[in-house]
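Chemist: Build me a model from this:
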Amino acid sequence: MLNFTLFAKWTEQEQKIRFELKRYSYIGDIDKLKRLSQKNKIPKIQLSEALLKAGFKNHEEIVKYLVSLGADINFHSISGRNVLMYSVQNKNLNLVKYLLKHGARMDRANDGYDVFFTSILHRDYEMFKFLLPYCKDFERYYHVEGDYGREIKTTMLITAIQNGANKIAKLLIQKGADIHSKNGVGESPLLCAMRNKEYDIVSLLLRKNADTSVVDIEGNSLFTYALADKKTALALKALQNKNYNIHQWIESSIFKGHHPLYEYYISESREEWKIYNLLQMASWHNIPKVVEKLLELGLDTDTLNKGNILRLDALGLSAINGATKSSEVLLKNNANPYKIYRNSKPEGSFGLYYYGGLSSAYTLLSLATISQHKSDKFIKKLLKLKDSKKYVQNETYFFYLNLLPLVDSKGERSIYGDVLKFLRKHNFSNYKQLDDKYKAFKKGKEKKRGKTKVKKAKKWTQKVDEAIKNNNLKSMLKKNVLTYAIIYERYDLLEDFLKLGANPNELWSKQTPSQMATQSIKDSKKLLKVLKLFKKYGADLNLVQKEGYEYRRTPLLSYFGHNKINKKVVKEFIAMGMTFGDDVYALRKVYTVYRDSRFLYIMNDSLFKPLLKKLYENATKKVLTNLILEIYEDKHVSNSRIEKLLAYVYWNNKKLDYQRIFKTIKKDDSSYKMLRYYSGVITPEP
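Modeler: Residues are numbered from 1 along each chain as shown. Model prediction:
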């Protein structure tokens, strides 16, 4: 425990020395640290505090220096962590070896974590392998935060699998870790491996005879995970275990991610839909061999899922998901294809086109059609059934009305057009009146909306094609022709327009064609080809215009907004002479816009060093201060970026308005402590 009474008795000078010692240890300034320690006699407790700071920040040289001065190598932080734990956390194996050699203990922290568990969390195989001989108990439990903020216990093996540390997991299994252990939610290593799709671990555990009948408290099992991932062999293996209850009902979010029926607002009644038996789940996932096995084991095709709104059997669920192969097995086993499924709650949100309304009854045909889950084969099969005319008798007019806009949208040659022809062919009740009703509805809607205009893209493309046909492409050489070619994806015409004299630096809404191309073209190689073409014809790829108080982004800066970054393409961009543009604007965007992986790529790759150097050199005290405060206020950006800027300011003798920053950043914020150390301002500790 820290002796706060002792701290209170220190003189102002001693307090200052204590602060400076921790400050230089935290920042990593060993020269100033050595000068401080050589001029002053420093108590062991202060050296030990500084040791924790240096260990936390992974300053190996400073750690060794403080140990040589007599710092307590087993001194703990308030959380119970010592410098050894921090070194494992930082993946510094050399430092770990040094600390163990000098007597560091492998104590558990206040939260129960130790060096073994920490190395697993950080997926550090070499570290774990080195530490393993020191571990006396593979089965010790740790407590971690589970779903919904609840704390659950777990083991090393389950944690290794959970974190994708497969080499560590295999090593633990090899060394005899219990493969039947369970975490706080009843999940075994096998279930954890299935949930995380670590199938090489699954295979290893099955070879070691892991229990295939385990069910966790959420109802997940080898069988349910195998169904979801369409692993037929694993699902059948689970069914071979006589201890596995094939008659259980399971809560399963098989509709997660999309509505099962577009005309039914599922989220209003999700709880009523999610309890199924194994046959229903296997049918939904379209795994015929498993469906066949479950029928062989005695499950019934007529059983409905549990709920009180729209209840379906295995065949009904197959229809919703277009599971043709499952349905074939069910039909061979006498499942009724003409059953009517009742919807006890048709009121609520309207359907796909907010026109036809909600039905109180469905057949397999309407379920498959309205669901739109790639059900073409399934629907064709239904239309070819011997007594398919029964669908005409059993379907409601809601289905017919909702089908009409589907045909409008997808076309008469689509499967929906086939269904419509089928219903009309067999004289669906009052279908002519329903057609007239829909025509009147459409006419009124069009009148309200006004005459539909031909899409600009189509119109422009038609003009271009006509000009090419008449050998008169020059007639299209009007203002912003390059931008139009990019917007309408006619990249094949760019060089032709450039040869005819189109200006590659012409502005459209204060953007150059190069900037527009970077925003519009998502294929990195295609984008590179276009930008090289523009450069060939004299484009300034770093030209930016101010818009209000901000600048437009250069193509290089804009490219980092793409979903996928191609590093080879970035290298070519920089080789072409591209920059980040306006220094102040670019520095701000680099630090506040990009996700962490891209920010670290820019910060750490030598490719960007010359560009970043220019941004930093031109950054004034006001610019840097504003940027730190902007990062602090932006909850989507990591505070570690503030430390990156503070470190730059410290090591490059730049200036900041610390008074203004201290007024803004709260004492209980994680940024406050680092601000104290980098500024050198001794304020009350948070």
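Chemist: Would you mind confirming that Val202 makes contact with Pro189?
Modeler: No - the criterion here is C-beta atoms under 8 Å, and Val202 misses it with Pro189 at 9.4 Å. (C-beta placed from N, C-alpha, C; glycine too.)
Chemist: ok, those two, which is more surrounded?
Modeler: Pro189 (31 against 24; other C-beta atoms under 10 Å).
Chemist: Quick one: residues contacting that one.
Modeler: Pro189 makes contact with Leu157, Ile158, Ile161, Ala169, Ile179, Ser181, Ile201, Leu205, Ala210 under the criterion C-beta atoms under 8 Å, 6 or more residues apart in numbering.
Chemist: Return the members of those classed as buried.
Modeler: Leu157, Ile158, Ile161, Ala169, Ile179, Ser181, Ile201, Leu205, Ala210 (16 or more other C-beta atoms under 10 Å).
Chemist: CSV for the residues you listed, including secondary structure and distance to Tyr650?
Modeler: What follows is the buried ones among the contacts of Pro189, written out as CSV (DSSP: H, G, I helix; E, B strand; the rest coil; distance: C-beta to C-beta, whole Å):
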residue, secondary structure, distance to Tyr650
Leu157, helix, 44
Ile158, helix, 43
Ile161, helix, 42
Ala169, helix, 42
Ile179, coil, 51
Ser181, coil, 48
Ile201, helix, 45
Leu205, helix, 51
Ala210, coil, 53
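Chemist: Same list (the contacts of Pro189) but as a markdown table, adding pLDDT.
Modeler: Converted to a markdown table, these look like this (pLDDT from 0 to 100):
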| residue | pLDDT |
| --- | --- |
| Leu157 | 96 |
| Ile158 | 95 |
| Ile161 | 96 |
| Ala169 | 97 |
| Ile179 | 96 |
| Ser181 | 93 |
| Ile201 | 97 |
| Leu205 | 97 |
| Ala210 | 96 |
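Chemist: Looking at the record's assignment, how would you partition this protein?
Modeler: With domains defined by automatic domain parsing, the chain comprises 4-228, 249-440, 619-686.
Chemist: For Lys499, find the nearest of these.
Modeler: domain 249-440 (39.9 Å; C-beta to C-beta).
Chemist: ok, Leu587 - how many residues close by?
Modeler: Neighbour tally, Leu587, other C-beta under 10 Å: 21.
Chemist: Go ahead and confirm it touches Ile628.
Modeler: No - between Leu587 and Ile628 there is no contact, the gap being 11.5 Å when judged by C-beta under 8 Å.
Chemist: So Ile78 versus Lys666, what's the distance?
Modeler: Relative to Lys666, Ile78 is positioned 19 Å away (criterion: C-beta to C-beta, to the nearest Å).
Chemist: Take the domains of the chain and write them to a markdown table, including distance to Ala502.
Modeler: Putting the domains of the chain into a markdown table (distance: least, C-beta to C-beta, whole Å) gives the following:
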| stretch | distance to Ala502 |
| --- | --- |
| domain 4-228 | 51 |
| domain 249-440 | 38 |
| domain 619-686 | 37 |
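Chemist: closest to Ser514 out of those?
Modeler: Using C-beta to C-beta, the nearest of the domains of the chain to Ser514 is domain 619-686, at 25.9 Å.
Chemist: And the helices in the stretch 351-500 of the chain?
Modeler: 364-371, 376-383, 389-394, 397-410, 415-425, 431-449, 456-469, 481-487, 494-499 (DSSP state H, counting those that start in this stretch).
Chemist: ranking the ones you listed by burial, who's on top?
Modeler: helix 364-371 (a mean of 27; mean count of other C-beta atoms under 10 Å).
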